[in-house]
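J.: model the following, please.
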Amino acid sequence: MSASSRPRPHILLLHCHDLGRHLHCLGADTVRSPHLDGLAAQGVVLEDVFAAAPQCSPSRASLFTGRWPHTNGVMGLTRRGFAWDLHPEERHLAGMLREAGYRTELVGVQHETRGRDDRQLARRLGFDRAVTDGMAGPVADLTVDALRRLSADPEPFYLQVGFHEPRRLPGARDVPGVTGFLGDHIEPDDVLGVAVPPYLDDEPSAREEIAELQGSIRHMDAAVGRVLGELEQLGLAHETLVIFTTDHGLALPRAKCSLYDPGTEVAFLLRYPARGWAGGRRERALLSNIDVVPTLVDLLGLAPEGRPMHGTSFLPLLDGEPFEPAETVFTEMTHHDYYDPRRAVRTNRFKLIVNFSSAPGFMDPTQSWHRRCSAIDGHPHPNTESHPEVELYDLAAAPWELADVADEPGYAEVRAALTEALHVWMRDTGDPLLAGAVADPQHHRSVAALTAHEGALPSGTGATGPQHSRNTETGRQQ
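T.: The predicted structure follows:
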């Protein structure tokens, strides 16, 4: 059967929090992830996929729109207290597929748009139905139910499934000042040993924390196994495109919330036997998660309306046809816990980061007062110091970005070329950071709170009341 006459596949897209590439099949030898390892062995592994951003909401917003965070509106977290959101005109993958005749359902985590009740959320993103539980066990139960229901109808389905694990989850076993990975329902896993990532100090507290992380990954993997097992039982595995990915890197120092590789690298496994995407094939090509929606649009022959996508289809790569991968991938961060705007460009050998504030060297993603994992001695720009304007890393010489060569004369041409490439990308995609600091929604809410009383004050009183004035030269209250 030709590609053009092949029926449209069902699409099952599974994603989780904070995983990076920390799976056994991707080189994490002490992690037990048998079901995802099995998916990798049966499908295709894309080994060089990077997130558009090292944080959950901006990365997911790009994954599901094919557009950069600074263009789709999600430059920070969408949850309460932060409230970034997709621009009203932004289109989600679910809406595109629904218009193309797919039944669309969401189960579990979504962070790509501001929180709403499930019905409002479904309408905003284009799902027929949404149930936003989050823990792996209940999400697996809900997904199994959804698969059984969806399999009874002839139309293709798009089922988007999000797991919280292995995100940090507070629990009764946490010591004061620490947020671990276990919650109250996960056990640590050190059956295969414990391997502390090379960019962190290998010390007892780190090993304890990594064992928790490994347990959380195993717990999530078991939930994935239940879903994939049900797909097999229903006889849908051959004709279903299964995708598994994550939002960004591990929730460990110098990973999540940084533009170093441990923060932006993501697992990307897929399987579609009916099209030959099978057999454990591995591909090395620089890709971004903004390329996913354009690839699915290409696969299905869609022509969605709306704003142009920034990603590029990698369908030829999956089909084993000639494919010219990009020479660069870009990543960005603007807001997370605080304002820390950064932009980066990466090639196969080099990484250049430009920092737009004097924030610490990297943001701490541990959600803990007492950090159990620490960056190893010798890392440039620790989070006790401000980061410089420009960082440059030779990934061949120092794969863990341990040596900043931005000011070394021998790298001057590389720095100039990558700086130009980054500037052109920011300019051509309309990055607002080029025009100055980017205010977050909290800023606008605070200004509104300050000015809410205007027009209600008696005549002759100023915004600060009649008894106060400000000396504009000293800035002191008079």
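
J.: now the helices: where do they sit in the stretch 301-450 of the chain?
T.: Using DSSP state H, counting those that start in this stretch, the helices of the stretch 301-450 of the chain run over residues 315-318, 412-428, 441-451.

J.: which secondary structure elements does the first one contact?
T.: Judged by 3 or more C-beta pairs under 8 Å, 6 or more residues apart in numbering; DSSP states H and E, helix 315-318 is in contact with helix 292-300. C-beta here means a position set from N, CA and C on the backbone, and glycine is covered the same way.

J.: can you redo the helices of the stretch 301-450 of the chain as CSV with mean pLDDT?
T.: Below are these laid out as CSV (pLDDT from 0 to 100):
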stretch, mean pLDDT
helix 315-318, 98
helix 412-428, 98
helix 441-451, 89
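
J.: TSV please, covering those helices and showing distance to residue 343 and mean neighbour count.
T.: Below are the helices of the stretch 301-450 of the chain laid out as TSV (distance: least, C-beta to C-beta, whole Å; neighbours: other C-beta atoms under 10 Å):
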stretch	distance to residue 343	mean neighbour count
helix 315-318	26	18
helix 412-428	6	15
helix 441-451	21	12
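
J.: can you lay out these as JSON lines showing distance to residue 296?
T.: Shown next, in JSON lines, are these (distance: least, C-beta to C-beta, whole Å):
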{"stretch": "helix 315-318", "distance to residue 296": "9"}
{"stretch": "helix 412-428", "distance to residue 296": "23"}
{"stretch": "helix 441-451", "distance to residue 296": "30"}
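
J.: the longest helix in this protein is where?
T.: Scanning the chain for the helix with the most residues, using DSSP state H, yields helix 204-233.

J.: and the next element down the chain from that helix?
T.: Using DSSP states H and E, the next helix or strand after helix 204-233 towards the C-terminus is strand 240-246.

J.: for that following strand, the distance to its chain's centre please.
T.: On the basis of C-alpha atoms, centre = their mean, to the nearest Å, strand 240-246 sits 15 Å off its chain's mean C-alpha point.

J.: just the angle for that strand relative to helix 292-300, thanks.
T.: 170 degrees (axes from the mean of the first three to the mean of the last three C-alpha atoms, to 10 degrees).

J.: so residue 106: helix, strand or coil?
T.: With DSSP: H, G, I helix; E, B strand; the rest coil as the basis, residue 106 sits in strand.

J.: which helix or strand contains the nearest residue to it once chain neighbours are set aside?
T.: With C-beta to C-beta, 6 or more residues apart in numbering as the criterion, residue 106 has its nearest non-adjacent residue at 4.1 Å, and that residue is residue 130. Under the criterion of DSSP H and E, residue 130 resides in strand 129-131.

J.: pLDDT averaged over the next helix or strand after that strand, what's the number?
T.: Beyond strand 129-131 on the C-terminal side, the first helix or strand identified by DSSP H and E is helix 136-150. For helix 136-150, the mean per-residue pLDDT is 98.

J.: name every strand pairing with the strand holding residue 130 and say which way it goes.
T.: Strand 129-131 has the following sheet partners, assigned by DSSP bridges: strand 103-108 (parallel).

J.: which residues make contact with the partner strand from outside it?
T.: Outside strand 103-108, the residues that touch it by C-beta atoms under 8 Å, 6 or more residues apart in numbering are 94-95, 97-98, 121-122, 125-134, 139, 142-143, 146, 150, 153, 155-164.

J.: return the members of those residues classed as buried.
T.: By neighbour count, with 16 or more other C-beta atoms under 10 Å, these hold 94-95, 97-98, 121-122, 125-134, 139, 142-143, 146, 150, 156-164 as buried.

J.: count the residues that sit near residue 115.
T.: 14 (other C-beta atoms under 10 Å).

J.: with residue 436 instead?
T.: For residue 436, the neighbour count with other C-beta under 10 Å is 8.

J.: and the pLDDT at it?
T.: The per-residue pLDDT reported for residue 436 equals 95.

J.: residues in contact with the strand holding residue 130?
T.: Contacts of strand 129-131 (C-beta under 8 Å, 6+ apart): 104, 105, 106, 107, 108, 110, 118, 119, 121, 122, 142.

J.: try 10 Å
T.: Contact partners of strand 129-131, identified using C-beta atoms under 10 Å, 6 or more residues apart in numbering, comprise 94, 103-108, 110, 116-124, 138-139, 142-143, 145-146, 149-150, 159-160.

J.: over to stretch 422-430?
T.: Stretch 422-430 has contacts (C-beta under 10 Å, 6+ apart) with 67-68, 70-71, 310, 328, 330, 332, 343-345, 352-354, 390, 431-434.

J.: which of the helices of the stretch 301-450 of the chain sits closest to residue 275?
T.: Closest approach to residue 275 among those is made by helix 315-318 (7.8 Å; C-beta to C-beta).

J.: how many residues are close by residue 183?
T.: Counted with other C-beta under 10 Å, residues neighbouring residue 183 total 21.

J.: the spatially closest residue to it that is not a sequence neighbour - how many residues pack around it?
T.: Setting aside the residues directly before and after it, residue 183 is nearest to residue 169 in space (C-beta to C-beta, 6+ apart), at 3.5 Å. Other residues lying near residue 169 total 22 when counted by other C-beta under 10 Å.

J.: pretty sure residue 169 contacts residue 220?
T.: No. The pair residue 169 / residue 220 is not scored as a contact, 11.4 Å apart, by C-beta atoms under 10 Å.

J.: quick check: neighbours shared by these two?
T.: 17, 135, 186.

J.: count the neighbours of the last one for me.
T.: Think residue 186. What residue 186 shows, counting by other C-beta under 10 Å, is a neighbour count of 24.

J.: tally of neighbours for the nearest residue to residue 415 once chain neighbours are set aside?
T.: Distance criterion C-beta to C-beta, 6+ apart; nearest residue to residue 415, sequence neighbours excluded, is residue 392 at 5.3 Å. Using other C-beta under 10 Å, residue 392 is surrounded by 22 other residues.

J.: now swap in residue 109 and tell me
T.: Counted with other C-beta under 10 Å, the neighbours of residue 109 add up to 24.

J.: what about it, distance to residue 446?
T.: 29 Å (C-beta to C-beta, to the nearest Å).

J.: next one: residue 16
T.: Residue 16 sits 34 Å away from residue 446, going by C-beta to C-beta.

J.: got it, and residue 428?
T.: According to C-beta to C-beta, residue 428 stands 33 Å off from residue 446.

J.: do the same with residue 20
T.: 34 Å.
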